[in-house]
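Enquirer: Any chance you can model this:
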Amino acid sequence: GGISKMKKYIIGVIAAAAIAFGVWYFVSPGYALSNMRDAAVEGDADKLEQYIDFASLRESMKAQLKAKMMVEMAKDDNPLGGLGMAIGMGMIDPMIDGMMTPEGMRAMMLQKSADQLASGEAIDEVEAPEWNIERVSFSELRAYPKTENPDEEKAAMIFKRDGLSWRLSEIDLSEIPMGE
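Expert: Numbering: from 1, shown residues only. Presented below is the predicted three-dimensional model:
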(Lines give C-alpha, C1' and ligand atoms only; values in the text may rest on other atoms or scores of the structure.)
Protein backbone atom coordinates (compact mmCIF):
# COMPACT_ATOMS: atom_id res chain seq x y z
CA GLY A 1 0.00 0.00 0.00
CA GLY A 2 2.20 2.84 1.28
CA ILE A 3 5.28 2.03 -0.74
CA SER A 4 3.26 1.78 -3.92
CA LYS A 5 1.81 5.28 -3.39
CA MET A 6 5.31 6.63 -2.66
CA LYS A 7 6.72 5.05 -5.83
CA LYS A 8 3.91 6.54 -7.90
CA TYR A 9 4.53 9.95 -6.33
CA ILE A 10 8.28 9.80 -7.05
CA ILE A 11 7.69 8.62 -10.63
CA GLY A 12 5.18 11.49 -11.07
CA VAL A 13 7.66 14.05 -9.74
CA ILE A 14 10.43 12.71 -11.99
CA ALA A 15 8.09 12.71 -15.02
CA ALA A 16 6.98 16.29 -14.28
CA ALA A 17 10.61 17.40 -13.92
CA ALA A 18 11.54 15.71 -17.22
CA ILE A 19 8.62 17.39 -19.01
CA ALA A 20 9.51 20.78 -17.49
CA PHE A 21 13.14 20.34 -18.60
CA GLY A 22 12.04 19.37 -22.12
CA VAL A 23 9.79 22.40 -22.39
CA TRP A 24 12.58 24.68 -21.11
CA TYR A 25 15.12 23.12 -23.51
CA PHE A 26 12.97 23.75 -26.58
CA VAL A 27 11.22 26.98 -25.61
CA SER A 28 13.89 29.02 -23.78
CA PRO A 29 15.99 30.06 -26.84
CA GLY A 30 12.96 31.43 -28.68
CA TYR A 31 11.71 33.07 -25.50
CA ALA A 32 15.08 34.81 -24.93
CA LEU A 33 15.24 36.00 -28.56
CA SER A 34 11.64 37.20 -28.40
CA ASN A 35 12.36 39.17 -25.21
CA MET A 36 15.48 40.62 -26.81
CA ARG A 37 13.54 41.65 -29.90
CA ASP A 38 10.78 43.18 -27.74
CA ALA A 39 13.38 45.14 -25.76
CA ALA A 40 14.87 46.40 -29.05
CA VAL A 41 11.44 47.40 -30.42
CA GLU A 42 10.57 49.17 -27.14
CA GLY A 43 14.00 50.84 -26.91
CA ASP A 44 14.49 49.34 -23.41
CA ALA A 45 18.29 49.38 -23.02
CA ASP A 46 18.25 47.88 -19.51
CA LYS A 47 16.17 44.89 -20.62
CA LEU A 48 18.37 44.47 -23.71
CA GLU A 49 21.49 44.37 -21.52
CA GLN A 50 20.05 41.38 -19.62
CA TYR A 51 20.35 39.34 -22.82
CA ILE A 52 23.74 40.57 -24.09
CA ASP A 53 27.23 39.96 -22.67
CA PHE A 54 28.75 43.17 -24.05
CA ALA A 55 32.32 42.44 -22.85
CA SER A 56 32.44 39.06 -24.65
CA LEU A 57 30.69 40.50 -27.69
CA ARG A 58 33.18 43.37 -28.04
CA GLU A 59 36.24 41.13 -27.64
CA SER A 60 34.90 38.62 -30.16
CA MET A 61 34.11 41.31 -32.74
CA LYS A 62 37.52 42.95 -32.35
CA ALA A 63 39.38 39.64 -32.73
CA GLN A 64 37.35 38.58 -35.80
CA LEU A 65 37.70 41.94 -37.59
CA LYS A 66 41.44 42.08 -36.91
CA ALA A 67 41.88 38.53 -38.22
CA LYS A 68 39.91 39.37 -41.38
CA MET A 69 42.02 42.50 -41.91
CA MET A 70 45.24 40.50 -41.49
CA VAL A 71 44.08 38.10 -44.21
CA GLU A 72 43.27 41.04 -46.50
CA MET A 73 46.64 42.69 -45.76
CA ALA A 74 48.45 39.47 -46.67
CA LYS A 75 46.69 39.46 -50.07
CA ASP A 76 47.56 43.09 -50.88
CA ASP A 77 50.81 43.78 -52.75
CA ASN A 78 50.32 47.56 -52.64
CA PRO A 79 52.36 49.11 -49.77
CA LEU A 80 49.86 51.96 -49.46
CA GLY A 81 47.07 49.41 -49.14
CA GLY A 82 48.96 47.88 -46.23
CA LEU A 83 49.32 51.31 -44.64
CA GLY A 84 45.59 51.87 -45.00
CA MET A 85 44.86 48.51 -43.42
CA ALA A 86 47.29 49.27 -40.58
CA ILE A 87 45.45 52.54 -39.90
CA GLY A 88 42.17 50.62 -40.08
CA MET A 89 43.46 48.09 -37.52
CA GLY A 90 44.02 50.95 -35.06
CA MET A 91 40.44 52.10 -35.54
CA ILE A 92 38.81 48.73 -34.82
CA ASP A 93 38.83 48.90 -31.02
CA PRO A 94 37.19 52.34 -30.66
CA MET A 95 34.78 51.59 -33.52
CA ILE A 96 33.60 48.31 -31.92
CA ASP A 97 33.40 49.92 -28.47
CA GLY A 98 31.14 52.59 -29.98
CA MET A 99 28.96 50.14 -31.92
CA MET A 100 28.54 47.36 -29.37
CA THR A 101 26.25 49.32 -27.06
CA PRO A 102 22.57 48.78 -26.26
CA GLU A 103 21.71 51.38 -28.92
CA GLY A 104 24.00 49.78 -31.51
CA MET A 105 22.65 46.31 -30.83
CA ARG A 106 19.10 47.65 -31.00
CA ALA A 107 19.82 49.05 -34.47
CA MET A 108 21.39 45.76 -35.58
CA MET A 109 18.54 43.63 -34.25
CA LEU A 110 15.93 45.81 -35.93
CA GLN A 111 18.07 46.07 -39.08
CA LYS A 112 17.85 49.88 -38.92
CA SER A 113 20.51 52.56 -38.85
CA ALA A 114 21.25 54.36 -35.59
CA ASP A 115 20.07 57.58 -37.30
CA GLN A 116 16.68 56.04 -38.12
CA LEU A 117 16.28 54.98 -34.49
CA ALA A 118 17.47 58.35 -33.15
CA SER A 119 14.90 60.14 -35.31
CA GLY A 120 12.20 58.58 -33.15
CA GLU A 121 10.76 56.76 -36.15
CA ALA A 122 8.15 54.29 -34.91
CA ILE A 123 9.17 50.65 -35.08
CA ASP A 124 6.44 48.18 -35.90
CA GLU A 125 6.58 44.75 -34.31
CA VAL A 126 6.25 43.40 -37.85
CA GLU A 127 9.47 45.14 -38.90
CA ALA A 128 11.57 43.36 -36.28
CA PRO A 129 13.16 40.33 -37.95
CA GLU A 130 12.32 36.75 -37.09
CA TRP A 131 15.15 34.35 -36.31
CA ASN A 132 16.16 30.83 -37.27
CA ILE A 133 17.62 29.06 -34.24
CA GLU A 134 20.20 26.29 -34.52
CA ARG A 135 21.42 24.48 -31.41
CA VAL A 136 25.18 23.92 -31.32
CA SER A 137 25.25 22.23 -27.90
CA PHE A 138 23.35 22.17 -24.63
CA SER A 139 24.92 25.52 -23.70
CA GLU A 140 25.28 27.25 -27.08
CA LEU A 141 23.01 28.21 -29.95
CA ARG A 142 23.25 30.23 -33.16
CA ALA A 143 20.50 32.53 -34.42
CA TYR A 144 20.27 33.86 -37.98
CA PRO A 145 17.82 36.48 -39.22
CA LYS A 146 15.24 34.95 -41.56
CA THR A 147 15.62 36.40 -45.05
CA GLU A 148 13.89 36.14 -48.41
CA ASN A 149 17.01 34.54 -49.90
CA PRO A 150 18.19 31.51 -47.87
CA ASP A 151 21.59 31.60 -49.63
CA GLU A 152 22.26 35.17 -48.50
CA GLU A 153 25.42 35.46 -46.40
CA LYS A 154 24.64 36.68 -42.93
CA ALA A 155 26.21 36.93 -39.52
CA ALA A 156 25.13 34.47 -36.83
CA MET A 157 24.38 35.63 -33.32
CA ILE A 158 25.90 33.13 -30.88
CA PHE A 159 24.19 32.73 -27.53
CA LYS A 160 25.61 31.00 -24.46
CA ARG A 161 23.44 29.58 -21.73
CA ASP A 162 23.42 31.78 -18.62
CA GLY A 163 21.64 29.89 -15.85
CA LEU A 164 18.19 29.15 -17.26
CA SER A 165 18.35 31.92 -19.85
CA TRP A 166 20.56 32.81 -22.83
CA ARG A 167 22.92 35.73 -23.48
CA LEU A 168 24.33 36.94 -26.76
CA SER A 169 28.10 36.55 -26.43
CA GLU A 170 29.40 36.65 -29.99
CA ILE A 171 28.50 37.50 -33.55
CA ASP A 172 30.10 35.12 -36.05
CA LEU A 173 31.31 37.16 -39.02
CA SER A 174 32.95 34.23 -40.83
CA GLU A 175 30.22 34.09 -43.50
CA ILE A 176 30.45 37.83 -44.24
CA PRO A 177 32.86 38.71 -47.08
CA MET A 178 35.28 41.56 -46.45
CA GLY A 179 36.67 43.97 -48.99
CA GLU A 180 34.62 42.71 -51.92
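
Enquirer: which helices and strands sit right next to the top helix by length along the chain?
Expert: Secondary structure assigned by DSSP state H gives helix 2-42 as the longest helix of the chain. In terms of contacts (3 or more CB pairs under 8 Å, 6 or more residues apart in numbering; DSSP states H and E), helix 2-42 is packed against helix 45-49, helix 102-110, strand 131-137, strand 140-145, strand 165-172. Where you see a C-beta, it was placed from the backbone N, CA and C, and this is true even at glycine.

Enquirer: what's the least confident stretch among those?
Expert: Sorting these by mean pLDDT places helix 102-110 lowest, at a mean of 81.

Enquirer: in it, what's buried?
Expert: By 16 or more other CB atoms under 10 Å, the buried positions in helix 102-110 come out as P102, E103, G104, M105, R106, A107, M108, M109, L110.

Enquirer: next helix or strand past the strand or helix carrying E72?
Expert: Per DSSP states H and E: E72 is located in helix 54-75. Under the assignment DSSP H and E, the closest C-terminal helix or strand after helix 54-75 is helix 79-99.

Enquirer: Can you tell me the centre-most residue of this structure?
Expert: M157 (3.1 Å; CA atoms, centre = their mean).

Enquirer: That one should be in a helix, yeah?
Expert: No. M157: not assigned to a helix; according to DSSP: H, G, I helix; E, B strand; the rest coil it is strand.

Enquirer: Any figure for the gap between it and M70?
Expert: 24 Å (CB to CB, to the nearest Å).

Enquirer: same check, this time on R142
Expert: 24 Å.

Enquirer: again, but for A18
Expert: Here A18 is placed at a distance of 48 Å from M70 (CB to CB).

Enquirer: With D97 instead?
Expert: The value you get for D97 to M70, if CB to CB is used, is 20 Å.

Enquirer: low pLDDT regions in the protein?
Expert: Along the chain, the model assigns pLDDT under 70 to residues 1-2, 79, 81-82, 113-129, 150-153, 177-180.

Enquirer: switch to 80 and redo it
Expert: 1-3, 72-86, 88-89, 108-131, 145-155, 174-180 (pLDDT under 80).

Enquirer: related to what we said a few turns ago, mind checking which of D97 and M70 has more residues around it?
Expert: Comparing D97 with M70 by other CB atoms under 10 Å, the one with more neighbours is D97, at 14 against 11.

Enquirer: what's the neighbour count on the closest residue to the more buried one other than its chain neighbours?
Expert: Nearest residue to D97, sequence neighbours excluded (CB to CB, 6 or more residues apart in numbering): R58, at 6.3 Å. The number of residues packed near R58 is 16, by other CB under 10 Å.
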